[in-house]
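All I have is the shape, not the residue letters:
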Ligand SMILES: [Zn+2]
């Protein structure tokens, strides 16, 4: 009796652990280091020299836009840091409205259980990490960009509760059921207990290819109120199909 109950428990556990990944494959797991706290992704650790030009707007803009206080493209190439310890699960050019994108998977302990999150950094000028890489809080992951001249240079940064979103934002509800307000979340989780432990996080939870063209919800490039005279060579407009200039 005891054995069969044990077996049934195991079966149930196996079923629960299997889950369903993006392509209906079995979810796989990888080890990472649990977060000991979260920092701002620019001007580490407190976003010194940067301001939020746009915050979280449910249904429209699922994260924060970070700009340098100098305005215009003065922050082009500025360093972008991992908000916390974690595992890089995506580091490639997502094209379309995103461009160069990094997604880092995190685990942290709170309220007596483990929580899992993705932090999302996009429109990057350069990517300095690779998929499968372990990163620490404050580690350089990329630099601020314009997504091929599509926007004034800024970092678009999100924190997702739902690990299935990846670059397929359009397939999931754009609200607090799937996302955190990044600035507010970080503010409440600067220092955490249970950090620096070895934890297993699910991987291959989202498709690496976008299914449909996502509306990213970014404001198009426009003149800013802040006086800025970026020199021509400071950035390159290089949309798809355009010859390199
Ligand atoms: Zn944005």
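Great, that's in hand. What you are looking at is a predicted structure, and each value in this text was computed from that prediction instead of being measured.

hey, let's count contacts and neighbours off CA atoms from now on
Will do.

Beyond the helix or strand of the chain with the lowest mean pLDDT, next helix or strand please.
The weakest-scoring helix or strand in the chain, judged by mean pLDDT, DSSP states H and E, is helix 2-18 (a mean of 49). Downstream of helix 2-18, the first helix or strand assigned by DSSP states H and E is strand 28-33.

doesn't residue 50 make contact with residue 64?
No - here residue 64 does not reach residue 50: they are 11.7 Å apart, not a contact under CA atoms under 8 Å.

Could you check which of the two is surrounded by more residues?
Remark: of residue 64 and residue 50, residue 64 carries more neighbours, 22 against 19, as counted by other CA atoms under 10 Å.

Could you pull up the mean pLDDT of stretch 101-108?
Here stretch 101-108 scores 98 as its mean pLDDT.

Residues contacting it, please?
The contact list for stretch 101-108 (CA atoms under 8 Å, 6 or more residues apart in numbering) reads 32-36, 82, 84-94, 114-124, 127, 141, 166, 192, 194-195, 199, 201.

Could I get the full set of strands for the chain?
Shown for the chain, the strands assigned by DSSP state E span residues 28-33, 50-54, 64-68, 79-81, 86-93, 100-110, 113-124, 126-127, 134-135, 140-143, 155-160, 179-180, 198-203.

And the contacts of the third one?
Counting by CA under 8 Å, 6+ apart, the neighbours of strand 64-68 from elsewhere in the structure are 42, 49-56, 74-75, 153-158, 181-183.

ok, now the second one?
The set of residues that contact strand 50-54 without belonging to it, under CA under 8 Å, 6+ apart, is 42, 43, 64, 65, 66, 67, 68, 69.

Repeat the analysis, applying 6 Å as the threshold.
Here strand 50-54 makes contact (CA atoms under 6 Å, 6 or more residues apart in numbering) with 64, 65, 66, 67, 68, 69.

From those, pick the one nearest the ion.
The nearest member of the contacts of strand 50-54 to the ion, counting by CA to the ion, is residue 65 at 4.6 Å.

For the closest one, give the beta-bridge partners.
For residue 65, the beta-bridge partners are residue 54, residue 156 (DSSP bridges).

Most neighbours of all the contacts of strand 50-54, which one?
Highest neighbour count within the contacts of strand 50-54, by other CA under 10 Å: residue 67, with 27 neighbours.

With adjacent residues omitted, what lies nearest to that residue?
In space, and not counting its chain neighbours, residue 67 is closest to residue 154: 5.0 Å by CA to CA, 6 or more residues apart in numbering.

contacting residues for the one you found?
By CA under 6 Å, 6+ apart, the contact set of residue 154 is 66, 67, 144.

again, only using 8 Å
With contacts defined as CA under 8 Å, 6+ apart, residue 154 is in contact with 65, 66, 67, 68, 73, 75, 76, 123, 144, 145, 146.

coming back round to it: pull out the buried members of the contacts of strand 64-68.
Among the contacts of strand 64-68, those classed as buried by 16 or more other CA atoms under 10 Å are 42, 50-52, 55-56, 74-75, 153-158, 181-183.

Keep only those of those that are also close to the ion.
When contact is defined as CA under 5 Å from the ion, the buried ones among the contacts of strand 64-68 meet the ion at residue 156.

Give me the below-cutoff pLDDT ranges for this structure.
Residues of the chain that meet the criterion pLDDT under 70 lie in 1-25, 211-216, 220-245.
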